[in-house]
Each structure stands twice: as structure tokens, then as C-alpha cells.
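Student: Fold the following and give me the result.
(one chain, ligands or ions: 1)
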Amino acid sequence: MTSLAGKVVVVTGASRGIGRALAGAYARRGATVALLARDEVQLHGVASELAGEGARCGSFRCDVTSDADCAAAIDGVRARFGGIDVLVSNAGVTLLSPVAALPLDELRDVLDVNLLGPLRLLKLVLPEMLDRRSGQIVVITSVAAARGLPGLGGYAATKAALHTLIDALRAEVDGRGVDVLEVAPGKTTTDILASSRGPGAGHRPLDRLQPTMTAEFVAERVARASERGTRRLTLGLGARLIALAERVSPALTDRLAARAMSR
Ligand code: NAP
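Tutor: Residues are numbered from 1 along each chain as shown. So this is what the prediction gives:
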């Protein structure tokens, strides 16, 4: 177990949903939390709430698709709080579309947020962590990273790409003092579908199959895994069942996944 007290933790997508809850979970463990997202008003609201509870925190506007924003935000965090101990790449968007109808421009945009966003930021913080021989990279993927689901193929592909990228990173930094944690949540109650992209936006995929977790539950489990130096965490009964079914019978999983999609 490594205590998070006094550590500097950067959380992307901290303006709402799982990221907001993550900021609270790390702050309650005594970490200094840097909140990153695009919506400055929301970010200030979250920061004031946490500060009111006694947390040391700050908000930094950052669109993770912008190299300049990422560099400025990380510089800002270092100037205010010093070296970064934990990077939690949580910011993400969904894309709802059957594969054959996937709009390529929207897939590019979603890939930019879900894959290149975490990569941009880790390139900025990893050298410092390796020099210091301590640090942690946390990425939030999805149950869809392990198994493409109907209507979510484009989104799943971006999360699967992040999953494999992070596996490679974990092997590259093995024995060099930097931990790499991937968290693959199942369905969690947030407003993520409100900002979803693609022709299926407005649909509610997988409503029938998966029980829903709260963002706070997910955040507590992530922060605990972060303290323990866990490598990978799959959260939610639905997510674990899908991963198991895929190992036992991929063909059956195809049929179950097709039926799970709400019409
Ligand atoms: P959410 O409520 O929609 O929150 C998404 C967050 O990402 C917001 O804070 C948003 O902030 C930020 N964001 C989006 N685009 C951004 C950009 N270009 N630059 C910087 N920040 C950006 O979604 P959520 O459900 O909490 O999802 C969080 C993560 O969990 C995502 O990676 C998602 O794929 C993953 N996940 C969610 C579920 C689920 O069921 N909810 C399941 C599995 C995995 P701004 O709009 O202020 O920038």
C-alpha cells in the first residue's frame, strides 16, 4: 500500500461524472488534486467544493485534444504544486453508431480525446516520473476495450487502442519505479450519453444488460487500486460477465451483446 497523502494527482475530465468523483476520492486520501477539463465554470465549482472540505486543489483549463493546452496545464500544475506523482487520464467521449455507418470525422475526433489525449499527457509527465523513479499512470478505458459491443464499435476501438497502448507502456517501464493502472468500468450513472457523438446519439446502449454503478463507487475503487499499485481493474458485474463470456464462448457473447442493445 502506498499512501496518497501529499501526492500531487492530476485528474482529467474532472468537471463532472467519474472524474469529479475521482477528484473527491483522491482528495479524501490527502492528495493534492489538479482538476483538468474544458468547462472552467464547472471546474471552479468542483474545486471550491473540495477546498471547502479542506482539500488542496486547483483547476486548470485543458482540452486534451490540444498540445498547447496540455503543455500549459501541466506547466501550471508544476508551477503551483511541484512534481506530479499520479496522472489519471479519465476524460472521454462516446460515439454511438453501427460500424457500417461510422462517420470517419467523428471517429477521428473521439480517437483524439480517448487515445491521443492520454498519450499527450503521459508524454509530458512520464520523463519526470522515470527520472524520480516513482509515479503512477492511471487510464480509464471501458468494458468495451475488451469486447466490441453493437452500436459502440468506434468507441470500443478507441478504448481498445488505449488498452493495448497502456499494456505496452507497462512493460516498457517495468522495474523503473512507475506503476501503470488500467481501469475498465462497466456502465456507470453519469451524463456521458448527453455528450455522445455519432448517428446513434440519444440511444441508450446496453440498458437491459448491465446493472449501473455510481461514479462515487467507481472512484473509490480506482483510488484504492491506485494505493495498492494494482495493474488492471474491471468494475461492475456486467463488465466482468462480458469479459468472462468472451473467454468461454465468443459466439455466445456475440448473441448476448446483440440482444443487450436497446432498440
Ligand atoms: P462524463 O460525465 O461525460 O464526463 C466526461 C468528462 O470528460 C467531463 O469532465 C468532460 O469535461 C471531459 N472531457 C470531454 N472531452 C474533453 C476534452 N476534449 N478535453 C478535456 N476534457 C474533456 O463521462 P463519464 O461517464 O464520467 O466518463 C469518464 C470516463 O469513463 C470516460 O473516459 C469514459 O469513456 C469512461 N467510461 C464511462 C462509463 C460510463 O458508463 N459512464 C463506462 C465505462 C467507461 P469538459 O466537457 O468540461 O471538458
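
Student: Quick check: which ranges of the stretch 101-250 of the chain have low pLDDT?
Tutor: Residues of the stretch 101-250 of the chain that meet the criterion pLDDT under 70 lie in 202-211.

Student: repeat that with 90
Tutor: 146-150, 191-212, 237-250 (pLDDT under 90).

Student: Would you tell me which residues of it are close to the ligand?
Tutor: The stretch 101-250 of the chain comes close to the ligand at residues 113, 140, 142, 185, 187-188, 190-192, 195, as judged by CB under 6 Å from any ligand atom. In this view, the C-beta of every residue, glycine as well, is placed from N, C-alpha and C.

Student: Including neighbour count, distance to residue 123 and secondary structure, could those residues go into TSV?
Tutor: Formatted as TSV, those follow (neighbours: other CB atoms under 10 Å; distance: CB to CB, whole Å; DSSP: H, G, I helix; E, B strand; the rest coil):
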residue	neighbour count	distance to residue 123	secondary structure
113	20	16	helix
140	30	18	strand
142	27	22	coil
185	24	25	strand
187	21	31	coil
188	23	28	strand
190	20	27	coil
191	10	29	coil
192	17	26	helix
195	13	26	helix
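
Student: can you pull the contacts of whichever residue of the stretch 51-200 of the chain sits closest to the ligand?
Tutor: With CB to the nearest ligand atom as the measure, residue 92 is the residue of the stretch 51-200 of the chain nearest to the ligand, at 2.2 Å. If a contact means CB atoms under 8 Å, 6 or more residues apart in numbering, then residue 92 has 13, 113-114, 117, 140, 142, 159, 192 as its contacts.

Student: List just the nearest of these to residue 88.
Tutor: residue 140 (7.5 Å; CB to CB).

Student: Name all residues that make contact with that closest one.
Tutor: So residue 140 contacts 18, 88-90, 92, 183, 185, 222 (CB under 8 Å, 6+ apart).

Student: residue ranges for the strands of the stretch 51-200 of the chain, please.
Tutor: Here the stretch 51-200 of the chain has its strands, by DSSP state E, counting those that start in this stretch, at 57-61, 86-89, 135-140, 178-185, 188-189.

Student: For the second one, what is the distance to the chain centroid?
Tutor: Mean-position distance between strand 86-89 and its chain equals 9 Å (CA atoms, centre = their mean, to the nearest Å).

Student: Check which helices and strands it sits against.
Tutor: strand 8-12, helix 17-28, helix 117-132, strand 135-140, helix 215-228 (3 or more CB pairs under 8 Å, 6 or more residues apart in numbering; DSSP states H and E).

Student: quick check: angle from the third one to strand 178-185?
Tutor: If I follow you right, that is helix 117-132. Here helix 117-132 runs at an angle of 150 degrees relative to strand 178-185 (axes from the mean of the first three to the mean of the last three CA atoms, to 10 degrees).

Student: Use 28 as the first number for this chain going forward.
Tutor: Sounds good: first residue 28 from here, last item helix 144-159.

Student: contacts for helix 144-159?
Tutor: 37, 39, 91-92, 94, 97-98, 101, 110-112, 114, 116, 118-119, 162-164, 166, 189, 192-193, 196, 200, 203-205.

Student: Which of those residues are buried, as a ChimeraX select command?
Tutor: In ChimeraX, a selection of the buried entries from the contacts of helix 144-159 looks like this (16 or more other CB atoms under 10 Å):
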select :37,39,91,92,97,101,111,112,114,116,118,119,162,163,164,166,189,192,193,196,200,205
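
Student: Many thanks, have a good one.
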